[in-house]
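Colleague: Let me see the structure of the following:
(chains A, B, C and D)
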Number of protein chains: 2
Amino acid sequence: MLKYSRQRESIKSYLDAHRTHPTAETVYQNVRQEFPNISLGTVYRNLNLLADMGEILRISPGSGPDRYDADCSPHYHFICKECGTVLDIDMEHQAQLDKAAAKQFDGTITNHVTHFFGLCPECKNTKLL
Amino acid sequence: MLKYSRQRESIKSYLDAHRTHPTAETVYQNVRQEFPNISLGTVYRNLNLLADMGEILRISPGSGPDRYDADCSPHYHFICKECGTVLDIDMEHQAQLDKAAAKQFDGTITNHVTHFFGLCPECKNTKLL
DNA sequence: CTCAAAAATAGTAATGATTACTGTTTTCGA
DNA sequence: TCGAAAACAGTAATCATTACTATTTTTGAG
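Modeller: Have a look, this model is predicted:
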């Protein structure tokens, strides 16, 4: 049975208010303003809980720590090869990919995750100089 | 300047011969048959080197250790939610996705990585019982 | 409201994957 | 054949995350 916790509430509302795909560490540093004694373990436990309940999304960018996103709608992410920033991609979800992949496959395909890579707007400009 | 090494040769040929997307640990255990004194660090260093040179592919499956693949052609992977197995997906590469993603995006998109999730053929059968 | 069981917490230790460091060995071109 | 550069083995360290434990918080029944 799930019980309310002020810490979880604070973590969730931080994510709701900041769509920057923060890491657990970033969430920790910020929620600490409200709960100076919160422990990193509590942040991880609640992020996992929220993700398991489907209230937030976990993004695993191939390298570096996982990111979290309050936007649970199926959408894609961009990851900057230079600075690691994670940005939302404004593009419709390609549900047909799952069917295309299932054609020659004997198992069951339920979903897919796509990450786009390249240079974010800022790093792109820096490279021009 | 890159110098030849018997250890790197052995790692590369293990990958060439086994298209099972092994982890660094699995490569280590197997190459150890030929080089009993090889260290895990050497395996990691050479896998990174080969990946940087574009001779092998690194697959980061969101959870668990990275996998390596001698097949560098752009292709997709399936990851079993139950057992973690990584399998090749027989499906053409969707190059147009990069362009679609770039439309509303101010940075530069060079490539994308897509992982399909679900149940592998074996776990699917096990679930039926 | 009170109180106790269940859940959550803080603090800390442990784990797993990977990288970094160091002294020795191997490679390879002059 | 010889010496600089690169790679090595072995080990220590790092990073992200999970596990453990004693204490505190939540919540529903009386």
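
Colleague: going forward, measure contacts and count neighbours with C-alpha atoms only.
Modeller: OK.

Colleague: Can you list phi and psi of the residue positioned nearest the centre of chain A for me?
Modeller: For chain A, the residue nearest the mean C-alpha position is residue A:68 (3.1 Å; CA atoms, centre = their mean). Dihedral angles of residue A:68 (phi, psi; degrees, to the nearest 10) stand at phi -130, psi 150.

Colleague: wait, what's in contact with it?
Modeller: Going by CA atoms under 8 Å, 6 or more residues apart in numbering or on different chains, residue A:68 touches A:15, A:21-24, A:47, A:56-59.

Colleague: do that again at 6 Å, thanks
Modeller: A:21-22, A:57-59 (CA atoms under 6 Å, 6 or more residues apart in numbering or on different chains).

Colleague: between those residues, which is nearest chain B?
Modeller: Proximity of the contacts of residue A:68 to chain B (CA to the nearest CA) peaks at residue A:59, which lies at 8.0 Å.

Colleague: and that closest one, what does it touch?
Modeller: Residue A:59 neighbours (CA under 6 Å, 6+ apart): A:66-68.

Colleague: In CSV: those, plus pLDDT and distance to residue B:38.
Modeller: Converted to CSV, the contacts of residue A:59 look like this (pLDDT from 0 to 100; distance: CA to CA, whole Å):
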residue, pLDDT, distance to residue B:38
A:66, 98, 32
A:67, 98, 35
A:68, 98, 38
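
Colleague: what's the closest of those to DNA strand D?
Modeller: residue A:66 (3.8 Å; CA to the nearest atom of the strand).

Colleague: Can you mark which positions in the host helix or strand of residue A:13 are buried?
Modeller: Applying DSSP states H and E as the criterion places residue A:13 in helix A:6-17. Neighbour counts using 16 or more other CA atoms under 10 Å in any protein chain shown place A:7-8, A:10-12, A:14-15 of helix A:6-17 among the buried residues.

Colleague: So which of the residues you listed would count as near DNA strand C as well?
Modeller: Residues of the buried residues of helix A:6-17 in contact with DNA strand C (CA under 7 Å from any atom of the strand): A:7-8.

Colleague: need the buried residues of helix A:6-17 in JSON lines with pLDDT and distance to DNA strand D, can you?
Modeller: As requested, those are exported to JSON lines (pLDDT from 0 to 100; distance: CA to the nearest atom of the strand, whole Å):
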{"residue": "A:7", "pLDDT": "98", "distance to DNA strand D": "8"}
{"residue": "A:8", "pLDDT": "98", "distance to DNA strand D": "10"}
{"residue": "A:10", "pLDDT": "98", "distance to DNA strand D": "11"}
{"residue": "A:11", "pLDDT": "98", "distance to DNA strand D": "14"}
{"residue": "A:12", "pLDDT": "98", "distance to DNA strand D": "15"}
{"residue": "A:14", "pLDDT": "98", "distance to DNA strand D": "17"}
{"residue": "A:15", "pLDDT": "98", "distance to DNA strand D": "15"}
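
Colleague: Nearest spatial neighbour of residue A:51, chain-adjacent residues omitted?
Modeller: residue A:57 (5.6 Å; CA to CA, 6 or more residues apart in numbering or on different chains).

Colleague: Kindly report the same for residue A:88.
Modeller: Using CA to CA, 6+ apart, the closest residue to residue A:88 is residue A:77 (4.8 Å).

Colleague: hang on, the earlier thing: any idea which of the contacts of residue A:59 is closest to residue A:127?
Modeller: residue A:67 (25.6 Å; CA to CA).

Colleague: returning to what we had before: list the contacts for the residue nearest to residue A:88?
Modeller: Residue A:77 is in contact with A:87-89, A:115, counting by CA under 6 Å, 6+ apart.
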